[in-house]
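Asks: curious how this folds, go ahead:
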Amino acid sequence: MIKIKLSDLLGKHKMTQKSLAELTGIRPATISKMYYEESKRIDVKHLNNICKVFDCEISELLEFIPDKK
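Replies: Next comes the predicted model:
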C-alpha cells in the first residue's frame, strides 16, 4: 500500500489545502483527495509541484507500506 503523507506535510508547514492548491495549480478537489488518501492515481506533475513547494524528497510525500500476509 502507498501512504500519501500530504496531511503531515501540510501540518508541518502550517499550510492549508487551499494555499497548496493555489501554489501548485492543482485543483482543490484533487488536493483534498490526496489529503484524505482517497486518490486512485496521482499525476507525476502534481507530485513534482508539491515537492517543489515543500522543498522535499518524494519519500517525504509517499511511503510504501507492505501488505500484511
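
Asks: from here on, just use CA atoms for contacts and neighbour counts.
Replies: Fine.

Asks: just checking, what packs against the strand or helix carrying residue 30?
Replies: In this structure, residue 30 is located in helix 28-35 according to DSSP states H and E. Where contact means 3 or more C-alpha pairs under 8 Å, 6 or more residues apart in numbering; DSSP states H and E, helix 28-35 is packed against helix 6-12, helix 17-24.

Asks: quick one: closest of the ones you listed to residue 41.
Replies: Nearest to residue 41, of all the helices and strands packed on helix 28-35, is helix 6-12, at 14.4 Å by C-alpha to C-alpha.

Asks: so which bits of the closest one are buried?
Replies: 6-7, 9-10 (16 or more other C-alpha atoms under 10 Å).

Asks: cool, stretch 20-40 as well?
Replies: By 16+ other C-alpha under 10 Å, the buried positions in stretch 20-40 come out as 20-21, 24, 26, 31-32, 34-35.

Asks: okay, the buried residues of helix 6-12 in CSV with pLDDT and distance to residue 57 next?
Replies: Compiled in CSV, the buried residues of helix 6-12 are given as follows (pLDDT from 0 to 100; distance: C-alpha to C-alpha, whole Å):
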residue, pLDDT, distance to residue 57
6, 98, 12
7, 96, 15
9, 97, 11
10, 98, 15
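
Asks: so which of those comes closest to residue 55?
Replies: The closest of those to residue 55 turns out to be residue 9 (C-alpha to C-alpha; 10.6 Å).

Asks: which helix runs longest in the protein?
Replies: Identified as the longest helix of the chain according to DSSP state H is helix 44-54.

Asks: for that one, give the mean pLDDT please.
Replies: Averaging pLDDT along helix 44-54 yields 98.
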